[in-house]
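**Student:** what's the 3D shape of this:
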Amino acid sequence: MTPAEIIAKMMDKDAFSQWLGIQIDHISIGKCQLSMEIRPEMLNGFGIAHGGISYSIADSCLAFASNSHGRQSLSIDTSINHIEPLVVGDKIIAIAKEESLKNRFSFYRVEILRGDTLVALFKGTVYRTEKIWE
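**Tutor:** Model prediction:
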């Protein structure tokens, strides 16, 4: 399967990413770019986007980038740094880049941007199973 076919298959069953309104802008081996807009129901009690929103787009971006190699892969360790607040109407982009690919593990960095401004930085370690996408 091509990376685009794999991600389409994943997205078809990913109700949460669909609810977020995630758009797939680019997918290639080890790389992914997603985008979405912050909506009112995504805000916390401070009137800014809940931290789980930027975490979630980054997590989806990691999943798509890591599975693009054709082996089913699962995150085993992730972390995020929230740098700037997000508000209703903000359009954000998540860009996943593969930092290192090994037989069993791979490592990714995902930048979440609003325009040219870095709003969050996500890092993830992925376990690569032997199961091939079909």
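**Student:** Quick check: what element follows the biggest helix by length in the chain along the chain?
**Tutor:** Scanning the chain for the helix with the most residues, using DSSP state H, yields helix 51-67. Following helix 51-67 in sequence order, the next helix or strand is strand 71-82 (DSSP states H and E).
**Student:** follow-up on the earlier one: other SSEs contacting the longest helix of the chain?
**Tutor:** With contacts taken as 3 or more Cβ pairs under 8 Å, 6 or more residues apart in numbering; DSSP states H and E, helix 51-67 sits against helix 3-12, helix 15-20, strand 23-28, strand 31-37, strand 71-82, strand 91-101, strand 105-114, strand 117-132. Where you see a C-beta, it was placed from the backbone N, CA and C, and this is true even at glycine.
**Student:** same thing but at 7 Å, please
**Tutor:** helix 3-12, helix 15-20, strand 31-37, strand 71-82, strand 91-101, strand 105-114, strand 117-132 (3 or more Cβ pairs under 7 Å, 6 or more residues apart in numbering; DSSP states H and E).
**Student:** Looking at the ones you listed, spot the one closest to residue 46.
**Tutor:** strand 71-82 (12.1 Å; Cβ to Cβ).
**Student:** Strand partners (parallel or antiparallel) of that closest one?
**Tutor:** Strand 71-82 has the following strand partners under DSSP bridges: strand 117-132 (antiparallel).
**Student:** So what touches the strand it pairs with?
**Tutor:** 54-55, 58, 62, 66, 70-84, 86, 92, 104-113 (Cβ atoms under 7 Å, 6 or more residues apart in numbering).
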